[in-house]
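K.L.:
Test case, fold it:
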Amino acid sequence: MQNQIESSMYLVGQLFLIPTLALISLLFLYAFWVLGEFVVLSLRRKKGQGKALLAAYRQQPDLSDDALDVLAHKMLETQRIASRVAPMLGLVATMIPMGPALKSLSDGNLADVSGNLTVAFSAVILALIAASITYWVVNVRRRWLAEELLEIAAIKQGNAK
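P.N.:
Numbering: from 1, shown residues only. All right, here's what the predicted structure looks like:
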């Protein structure tokens, strides 16, 4: 009975390798998309443009501070999720091939061990690169949004006088 449970768990775990690798690949591409967006936004900000939160406030000056805060969080949500999910998927993609690698090692098949370890370490490297890029971008953009919130507060204060 215990052997059947272990075998079933092993098989179910192996089913997740391809979807996990696909998600890591998508997150890796997404990280570079985010980096490109960041560079463009940075160049626009140097020209005094590209302030999305300030633009939203100018379109709807009746937005409350809480609504602006929610909007700022929404602007970063996907990137924040990517920066946190990528390392988890990297760990999953590292662990799944370890089972077959250990089995191949016990069978004396070093070629399969090498192949499985290559997949495992390549996946975690790509996931960590994706996480690093998105984490960095999120933190800089968070500061930019905080600066915009301060700018909006100053505008509101000036209108109140």
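
K.L.:
other SSEs contacting the worst-scoring helix or strand of the chain on mean pLDDT?
P.N.:
Ranked by mean pLDDT, DSSP states H and E, the helix or strand of the chain with the weakest confidence is helix 98-107, at a mean of 81. Contact partners of helix 98-107 among helices and strands, from 3 or more C-beta pairs under 8 Å, 6 or more residues apart in numbering; DSSP states H and E: helix 2-15, helix 110-160. From N, CA and C alone the C-beta is placed, and that goes for glycine too.

K.L.:
let's see it at 6 Å
P.N.:
Helices and strands touching helix 98-107, by 3 or more C-beta pairs under 6 Å, 6 or more residues apart in numbering; DSSP states H and E, are helix 110-160.

K.L.:
between the helix it packs on and helix 98-107, how many degrees?
P.N.:
Angle of helix 110-160 versus helix 98-107, following axes from the mean of the first three to the mean of the last three C-alpha atoms, to 10 degrees, is 160 degrees.

K.L.:
Helix 110-160 - contacts with which helices or strands?
P.N.:
So helix 110-160, by 3+ C-beta pairs under 6 Å, 6+ apart, packs with helix 17-46, helix 52-59, helix 65-95, helix 98-107.

K.L.:
Between helix 17-46 and the third one, find me the angle.
P.N.:
Okay, so that is helix 65-95. For helix 65-95 against helix 17-46, the angle by the same axes, to 10 degrees is 140 degrees.

K.L.:
now helix 65-95, how far from the chain's geometric center?
P.N.:
Centroid separation for helix 65-95 versus its chain: 6 Å, with C-alpha atoms, centre = their mean, to the nearest Å.

K.L.:
The last one now?
P.N.:
For helix 98-107, the distance between its averaged C-alpha position and the chain's averaged C-alpha position is 31 Å (C-alpha atoms, centre = their mean).

K.L.:
which residues touch it?
P.N.:
The contact list for helix 98-107, computed with C-beta atoms under 6 Å, 6 or more residues apart in numbering, reads Y10, D112, V113, N116, L117.

K.L.:
Could you rank these by neighbour count and give me the top one?
P.N.:
When neighbours are taken as other C-beta atoms under 10 Å, the top entry among the contacts of helix 98-107 is N116 (21 neighbours).

K.L.:
Who are the contact partners of it?
P.N.:
Neighbouring residues of N116 by C-beta under 6 Å, 6+ apart: P97, P100, A101.

K.L.:
The first one: what's it in contact with?
P.N.:
Shown here is P97, whose contacts under the criterion C-beta under 6 Å, 6+ apart are N116, V119, A120.
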